[in-house]
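Engineer: One predicted model, sequence on top.
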Amino acid sequence: MSVEVHVRSGARLDAPLPGSVGGYTEPKKGAVPEPAQCSDCDAVYYEGRWRWGSVPLSAHEVRCPACERLRNNKPAAWLTLEGASIAAHRDEMKRVALQREASQRARHPLQRIMRIEDTARGLRVTTTDLSLARDIGEALREAYGGALDFEYDQQGGLRVRWER
């Protein structure tokens, strides 16, 4: 079994990305009033980060970045699954993606799958967060082998390609 990982654009996988990710500018510290609650998903913004938990009575109502991306159909990352094995294992691949999302989302409210679509050559998964797309790609590579490729675009979005 061959395992390959490629990173393009000279970016490191652990390198912090600039303030603009996938066409969205990350809010500056203090830009979201604290405490705050997302009006769509009930995530709570407190001490500079989004989390799940009880909502203080004094919480300001806002929309979290993940719900904003979902509402405006603006993914942060695109994961493409291609290869001969996809047709035979399509449901299994979807299940891996959904399991990784559930695991990550339980701890990190901003990590969500936006859509899983069938394509002519496999599947496309869009996510609200860069880390989730990377995590799903790495889970597929660990479970099934194959080649994994990461490419950051000019706006800070991420394109992940897994092929087997």
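Structural biologist: Perfect, I can see it now. Computed from a prediction, not measured in an experiment: that's the story for all the values here.
Engineer: Pro109 - that's part of a helix, no?
Structural biologist: No: Pro109: not assigned to a helix; according to DSSP: H, G, I helix; E, B strand; the rest coil it is coil.
Engineer: Quick check: chain neighbours aside, which residue is closest to it?
Structural biologist: Leaving aside its chain neighbours, Pro109 sits nearest to Ala43 (3.8 Å; criterion: CB to CB, 6 or more residues apart in numbering). Every residue, glycine included, has its C-beta placed from N, CA and C.
Engineer: For the one you found, grab the count of nearby residues.
Structural biologist: 25 (other CB atoms under 10 Å).
Engineer: do Leu130 as well
Structural biologist: Leu130 has 22 nearby residues by other CB under 10 Å.
Engineer: tell me the secondary structure for Arg69?
Structural biologist: Judged by three-state DSSP, the three-state class of Arg69 is helix.
Engineer: ok, it touching Ala76?
Structural biologist: Yes: using CB atoms under 8 Å, Arg69 is in contact with Ala76, at 6.6 Å.
Engineer: I figured Glu101 hits Ile136, correct?
Structural biologist: Yes: with contact defined as CB under 8 Å, Glu101 counts as touching Ile136 (7.5 Å).
Engineer: circling back to that earlier point, residues touching the residue nearest to Pro109, list them.
Structural biologist: Counting by CB atoms under 8 Å, 6 or more residues apart in numbering, Ala43 touches 37, 50-52, 64, 66, 109-110.
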